[in-house]
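# just coords:
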């Protein structure tokens, strides 16, 4: 789960949001990762080895997610859900993993794909093409 709060870039606020969300969905047998996309630039270089520019919104952040299938977001809006899918939904619905090269590097993509195909061996994987 992602959110955007440029007014509070503290790790403590993100931890509080994470705890609240995990309590709300504690009946689900999954780990829910919660990130404030407004603060990703503060830790990204330490984790992945290169800096990124701050995002301006969740939409901006989603457009950099590592694969076209994972670059999808939903948010409540006026009695419905607003969909953010800059690459469409066909890869997600078709079980296809394709790199989104806007920000990710090859080695990170290949590490992620390696983990994912262990969990979901039926995934169709599009390799990194230069």
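Yep, that arrived. Computed from a predicted structure; not experimentally measured.
# now residue 37: how far from residue 20?
Residue 37 sits 17 Å away from residue 20, taking C-beta to C-beta, to the nearest Å as the criterion. Just so you know, the C-beta spots here come from the backbone N, C-alpha and C atoms, and that holds for glycine as well.
# please read the previous query as pertaining to residue 77.
When C-beta to C-beta is applied, the distance between residue 77 and residue 20 equals 20 Å.
# who's more crowded, residue 37 and residue 20?
Neighbour comparison, residue 37 and residue 20: the larger count goes to residue 37, with 22 against 11 (by other C-beta atoms under 10 Å).
# right, and the more buried one touches residue 64 too?
No. The pair residue 37 and residue 64 fails to qualify as a contact (C-beta atoms under 8 Å) at a distance of 9.4 Å.
# what strand or helix carries residue 43?
helix 40-48 (DSSP states H and E).
# quick one: residues in contact with that helix.
Residues external to helix 40-48 that are found in contact with it (C-beta atoms under 8 Å, 6 or more residues apart in numbering): 9, 50, 51, 52, 53, 54, 55, 61, 105, 108.
# run the last query once more with 10 Å
Contacts of helix 40-48 from elsewhere in the structure, counted by C-beta atoms under 10 Å, 6 or more residues apart in numbering, are 2, 4, 9-11, 35-36, 50-55, 61, 64, 103-105, 107-108.
# tell me which other helices or strands the helix or strand bottoming out on mean pLDDT in the chain touches.
When each helix and strand of the chain is scored by mean pLDDT, DSSP states H and E, strand 73-77 comes last, with a mean of 91. If contacts are counted by 3 or more C-beta pairs under 10 Å, 6 or more residues apart in numbering; DSSP states H and E, strand 73-77 sits against strand 2-3, helix 58-62, strand 80-84.
# neighbouring strands for the first one, and are they parallel or not?
This points to strand 2-3. With DSSP bridges as the test, strand 2-3 is paired with strand 35-36 (parallel).
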